[in-house]
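In: Let's see this in three dimensions:
(one chain, ligands or ions: 1)
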Amino acid sequence: MTYRIDAELLIPGRGEPIPHASLVWQGKTILYAGPRSSLPDLFQDIAGLQTVPVVMPGMWDCHIHFLGATAASMDALPRTPQAMAGARSVPDLLATLLAGFTSVREVGGYGCELAPVVAEGRIRGPTIYSAHSAISMTAGHGDVHGMPLDSLRELCSSGLPLTLADGVPECLRAVRKQLRAGAKVIKVCASGGVVSAIDDPQHQEFSLEELKAIVEEAGRARRIVAAHCHGKAGILNALHAGCKTIEHGSFLDDECVALMREKGAILVATRSVIESSLAMRHLFSPHSFQKLLALADAHRDSYARAVAGGVTIALGTDQFLSSPDPNLGYGRNGRELEYAVAAGLTPLQAIEAATANGPLTVGDQAPQSGRLQAGFDADFIALLKNPLVDISVLSDTANISHIWREGRRLK
Ligand SMILES: [Zn+2]
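Out: Presented below is the predicted three-dimensional model:
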């Protein structure tokens with residue numbers, strides 16, 4: 001079957017918006033996206049035609065986690081049975097999809113196990129490109145510091161999506177373990193973090209030699225590496241090792257921005273998690289909350305510096321908290337576009353960062369996604385209002401009238 005919708009405005013993801021446009025697709029693939037006046041004769045008479053105010057690509061959240069966690073602490077992970085995490089993830093995936101996000105890059109969590117269930121059509125959710133575990137050094141951001149190390153290692157080898165690695169041979173094995181679990185991207189913790197207990201966001205984690213081994217091993221399987229990093233030392237180390245995306249990037253100075261441009265690296269700033277965490281102090285340990293306060297303002301400045309410096313931006317929220325409270329839980333992803341505009345992108349650039357730039361963060365694993373163009377995946381959303389006039393249109397799911405993923409209408 002071939003389908004077509006007409007739109008008063010088509011935002012293609014990359015390039016200029018097209019007024020009075022048509023979009024035609026068959027199965028999972030777009031056949032035509034362009035002005036109605038140039039529509040090929042073949043597509044003139046299609047039954048069930050609808051007209052919508054705005055159509056744009058389904059968005060990508062390039063930094064999200066599906067862990068079923070109910071606290072902002074690494075301890076929450078081993079304390080959450082895996083079946084419970086999976087069950088909580090079912091509504092979380094639906095909320096993410098209904099926010100207009102048809103693809104996610106899941107950088108640590110149960111995404112490798114959840115992806116096939118979405119693909120089977122058993123549950124509604126975005127297409128998931130998962131890293132499986134974040135790879136961390138012992139005592140790093142991906143370690144659960146309060147737990148006996150041997151018990152943790154045992155849980156890690158029975159499905160808990162955390163992986164500790166120390167030294168080059170273990171780093172190689174850690175990458176291979178993620179590939180074996182179905183990872184589409186490799187995630188590494190290159191600096192300390194906020195929700196982990198004792199490590200410092202300013203500290204570099206992993207040596208250059210270890211990170212290079214991870215990047216090279218990932219590269220042999222045509223996977224790119226996403227590096228969690230806040231402090232400058234970790235950012236520079238990740239860039240020198242060849243990590244393709246910098247996650248958070250809280251302390252980017254001019255030297256970091258210049259190196260990001262030189263390396264062609266992408267920033268996934270995850271402003272949402274900073275903003276929403278500041279409002280949920282009760283879910284953090286006092287020490288973790290102090291770490292958050294120490295980087296929140298620097299993070300805002302770094303994001304603006306990267307935008308002004310011409311760094312490629314892709315959007316991610318770092319949503320990790322499973323909660324029935326709509327102000328804490330999944331489905332608020334569209335706000336990340338408001339933060340992108342606050343950091344200096346135009347609304348059109350923010351949409352590009354949330355659509356066409358998304359697939360860049362998984363390299364070869366999703367080459368034909370995030371754009372409305374012939375040959376690309378038929379993932380798109382229809383809106384009642386124009387987000388180029390007011391970007392906050394995308395923060396309110398009531399403005400999203402329809403969602404199609406792989407050519408199938410899911411809303
Ligand atoms: Zn994260």
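
In: Regarding Arg4, what is its secondary structure?
Out: Of the three states, Arg4 takes strand according to DSSP: H, G, I helix; E, B strand; the rest coil.

In: list the contacts for it?
Out: 22-25, 32, 43, 46, 49 (C-beta atoms under 8 Å, 6 or more residues apart in numbering). (C-beta placed from N, C-alpha, C; glycine too.)

In: let's see 10 Å
Out: 22-26, 31-32, 36, 39, 43-50 (C-beta atoms under 10 Å, 6 or more residues apart in numbering).

In: Check Leu9 too.
Out: 17-21, 52-56, 383, 386-388.

In: Could I have the buried ones of those as PyMOL selection syntax?
Out: The buried subset of those, as determined by 16 or more other C-beta atoms under 10 Å, is captured in PyMOL by this line:
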select buried, resi 17+18+21+52+54+55+56+383+386+387+388
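
In: Would you convert the contacts of Leu9 into JSON lines that also reports distance to Asp396?
Out: Conversion of the contacts of Leu9 to JSON lines gives the following (distance: C-beta to C-beta, whole Å):
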{"residue": "Pro17", "distance to Asp396": "20"}
{"residue": "Ile18", "distance to Asp396": "24"}
{"residue": "Pro19", "distance to Asp396": "24"}
{"residue": "His20", "distance to Asp396": "26"}
{"residue": "Ala21", "distance to Asp396": "23"}
{"residue": "Val52", "distance to Asp396": "16"}
{"residue": "Pro53", "distance to Asp396": "15"}
{"residue": "Val54", "distance to Asp396": "14"}
{"residue": "Val55", "distance to Asp396": "17"}
{"residue": "Met56", "distance to Asp396": "15"}
{"residue": "Leu383", "distance to Asp396": "10"}
{"residue": "Asn386", "distance to Asp396": "13"}
{"residue": "Pro387", "distance to Asp396": "10"}
{"residue": "Leu388", "distance to Asp396": "16"}
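
In: Please tabulate the contacts of Leu9 in a markdown table, including the columns pLDDT and distance to Asp253.
Out: What follows is the contacts of Leu9, written out as a markdown table (pLDDT from 0 to 100; distance: C-beta to C-beta, whole Å):
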| residue | pLDDT | distance to Asp253 |
| --- | --- | --- |
| Pro17 | 98 | 35 |
| Ile18 | 98 | 39 |
| Pro19 | 98 | 42 |
| His20 | 96 | 46 |
| Ala21 | 96 | 42 |
| Val52 | 97 | 44 |
| Pro53 | 98 | 43 |
| Val54 | 98 | 38 |
| Val55 | 98 | 40 |
| Met56 | 98 | 34 |
| Leu383 | 98 | 38 |
| Asn386 | 98 | 37 |
| Pro387 | 98 | 32 |
| Leu388 | 98 | 32 |
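
In: Farthest-apart pair in the contacts of Leu9, please.
Out: The span of the contacts of Leu9, defined through C-beta to C-beta, is set by His20 and Pro387 at 18.0 Å.

In: Now list the buried members of the contacts of Arg4.
Out: Those of the contacts of Arg4 that meet the buried threshold are 22-25, 31-32, 36, 39, 43, by 16+ other C-beta under 10 Å.

In: which one's the longest helix in the chain?
Out: If you go by DSSP state H, the chain has its longest helix at helix 286-308.

In: Give the buried residues for that helix.
Out: So for helix 286-308, counting by 16+ other C-beta under 10 Å, buried means 288-289, 291-292, 295-296, 298-300, 302-307.

In: Okay, the nearest residue to Arg271 once chain neighbours are set aside and Ala304: tell me how far apart.
Out: Among residues not flanking Arg271 along the chain, Tyr339 sits closest, at 3.6 Å (C-beta to C-beta, 6 or more residues apart in numbering). Computed as C-beta to C-beta, to the nearest Å, the Tyr339 to Ala304 distance reads 11 Å.

In: Contacts only, for the residue nearest to Gly358 when sequence neighbours are not counted.
Out: Once flanking residues are discounted, Gly358 sits nearest to Trp60: 2.5 Å by C-beta to C-beta, 6+ apart. Neighbouring residues of Trp60 by C-beta under 10 Å, 6+ apart: 13, 101-105, 126-127, 129, 314-316, 333, 353-362, 366, 369-370, 379.

In: and Trp60, that's in a helix?
Out: No. Counting by three-state DSSP, Trp60 is not part of a helix but strand.

In: Tell me the bridge partners for it.
Out: Ser103 (DSSP bridges).

In: separation between it and Glu106?
Out: The gap separating Trp60 from Glu106 is 11 Å, by C-beta to C-beta.

In: repeat for Leu372
Out: 24 Å.

In: try Val118
Out: In terms of C-beta to C-beta, Val118 sits 11 Å off from Glu106.

In: residues shared between the contacts of these two?
Out: By C-beta under 10 Å, 6+ apart, the residues touching both Val118 and Glu106 are 126, 128.

In: Of these two, give the one with the bigger neighbour count.
Out: Per other C-beta atoms under 10 Å, whichever of Val118 and Glu106 has more neighbours is Glu106, with 28 against 21.

In: Quick check: pLDDT value at the more buried one.
Out: According to the prediction, Glu106 has pLDDT 98.

In: Asp45 versus that one, what's the distance?
Out: On the measure of C-beta to C-beta, Glu106 and Asp45 end up 41 Å apart.

In: can you check Gly146 too?
Out: Taking C-beta to C-beta, one finds Gly146 at 66 Å from Asp45.

In: Repeat that for Val107.
Out: Applying C-beta to C-beta to Val107 and Asp45 gives a distance of 45 Å.

In: cool, and Gly329?
Out: 44 Å.

In: same deal with Gln290?
Out: Using C-beta to C-beta, Gln290 is found at 65 Å from Asp45.

In: now stretch 349-357: how far from the chain's centre is it?
Out: 12 Å (C-alpha atoms, centre = their mean, to the nearest Å).
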